[in-house]
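Asker: just a sequence and a predicted model for now, questions to come.
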Amino acid sequence: MSGRLLDFKNYVGGSDNVQVLELFADTQQTYEYNYGVDISNYTFTVEHQTLVVDTVTYDRSSGLPVFSESNVTGFFANVTGAAGLVTGRNNSAGTVNITIPEDRYTGQLLPNARTNVPITVLSVTWSDSGVTNPNVSTHRWAILERYKPGASTVGDPELDPNFLKIGVGAVAAFSSNASTDTGRTAGSYTITGLSSSNGTGATFAVFVKANGNTDVDIVTRGTGYRANETIELLDENMGAGGGADITVTVTSVS
């Protein structure tokens, strides 16, 4: 194996049932789906996730984007839920409106539109709950997020704290045993934890309230971590009030 990252076409699962758009991040569009049959028993799920690809080129003749050399470098959290995105349903006519929402991606954008490009993949999944073992089908939109003055922040998407780089063992999700501990010194702290294994660089924001109630958020995700690895946040870095150290457990990495 070459160790090369998946190209964009492979990452989204091929070209079937994928439509590519270029939209400003604050643009919303609605499309009518016509199934040609009664859809009274159909259920719909809409979800979207923003990926970042390293480069996008364009065909000189058609002006359309070309992904043959595009590699997915990372992603942002998945968003699930069809609330407000499935409307205008006419069961007998077999039609329903699906909305690609505005503000799908609210992070930084590079105006040059060719490097570190956020692409939001929105999937529409439907099935007929009125039959046994129903078929489940999905249609996807791949939306290249484009810079617009007043609606976008100029910057590199890969520098966003919510960006998860693929293949480096960054902390994608975690749990902690932080709880109310009156021995902790109230305050806000940014702490680089001590790993039980090879992971490095993950830092956490710890918020201790006056009653000892404690919240932990991630600041930087680090590299080289593995699922189930633990990270210790020491009391000596949280005011040294005599409270218990906090153990963070890595539940998934990217």
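Answerer: All right, it came through fine. Remember, it's a predicted structure, so these values are computed and weren't measured experimentally.
Asker: how far away is the closest residue to Arg114 other than its chain neighbours from Arg89?
Answerer: In space, and not counting its chain neighbours, Arg114 is closest to Val56: 5.6 Å by Cβ to Cβ, 6 or more residues apart in numbering. Heads up, the C-betas are built off the backbone N, CA and C, glycines and all. From Val56 across to Arg89, the span is 35 Å (Cβ to Cβ, to the nearest Å).
Asker: same thing with Val124?
Answerer: Val124 sits 13 Å away from Arg89, going by Cβ to Cβ.
Asker: any stretches of the stretch 51-200 of the chain with poor pLDDT?
Answerer: For the stretch 51-200 of the chain, applying pLDDT under 70 flags the ranges 82.
Asker: can you get me a residue count around Leu85?
Answerer: 20 (other Cβ atoms under 10 Å).
Asker: now do Asn162
Answerer: Residues near Asn162, counting by other Cβ under 10 Å: 13.
Asker: now it. Nearest residue, chain neighbours left out?
Answerer: Using Cβ to Cβ, 6+ apart, the closest residue to Asn162 is Phe76 (5.6 Å).
Asker: who are the contact partners of that neighbour?
Answerer: Contact analysis of Phe76 by Cβ atoms under 8 Å, 6 or more residues apart in numbering lists 49-52, 105, 107, 118, 160, 162-164.
Asker: turn those into JSON lines, columns for distance to Ala178.
Answerer: Shown next, in JSON lines, are the contacts of Phe76 (distance: Cβ to Cβ, whole Å):
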{"residue": "Gln49", "distance to Ala178": "28"}
{"residue": "Thr50", "distance to Ala178": "29"}
{"residue": "Leu51", "distance to Ala178": "31"}
{"residue": "Val52", "distance to Ala178": "31"}
{"residue": "Tyr105", "distance to Ala178": "30"}
{"residue": "Gly107", "distance to Ala178": "27"}
{"residue": "Pro118", "distance to Ala178": "32"}
{"residue": "Asp160", "distance to Ala178": "25"}
{"residue": "Asn162", "distance to Ala178": "21"}
{"residue": "Phe163", "distance to Ala178": "24"}
{"residue": "Leu164", "distance to Ala178": "22"}
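Asker: just the residues you listed: which are in strands?
Answerer: 49-52, 118, 164 (DSSP state E).
Asker: quick one: the helices in the protein, in order.
Answerer: For the chain, the helices defined by DSSP state H cover 8-11.
Asker: show the contacting residues for Gly169.
Answerer: Residues in contact with Gly169 (Cβ under 8 Å, 6+ apart) are 199, 222-226, 253-254.
Asker: 10 Å instead?
Answerer: Gly169 is in contact with 197-202, 221-227, 229, 250, 253-254, counting by Cβ atoms under 10 Å, 6 or more residues apart in numbering.
Asker: quick check: PyMOL command selecting the buried ones in the residues you listed.
Answerer: Remark: buried members of the contacts of Gly169, expressed as a PyMOL selection using 16 or more other Cβ atoms under 10 Å:
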select buried, resi 199+201+202+221+222+223+224+225+229+250+253+254
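Asker: in strands only, show me the contacts of Gly169.
Answerer: 200-202, 221-223, 250, 253.
Asker: sorry, back to before: how about the ones in strands among the contacts of Phe76, which pair is most distant?
Answerer: Between any two of these, the greatest separation by Cβ to Cβ is 12.8 Å, found for Pro118 and Leu164.
Asker: looking at those two, which has the bigger crowd around it?
Answerer: A side-by-side neighbour count of Pro118 and Leu164, using other Cβ under 10 Å, places Pro118 first with 26 against 20.
Asker: need the phi and psi values for Ala151.
Answerer: Reported as degrees, to the nearest 10, the phi and psi values for Ala151 are phi -120, psi -10.
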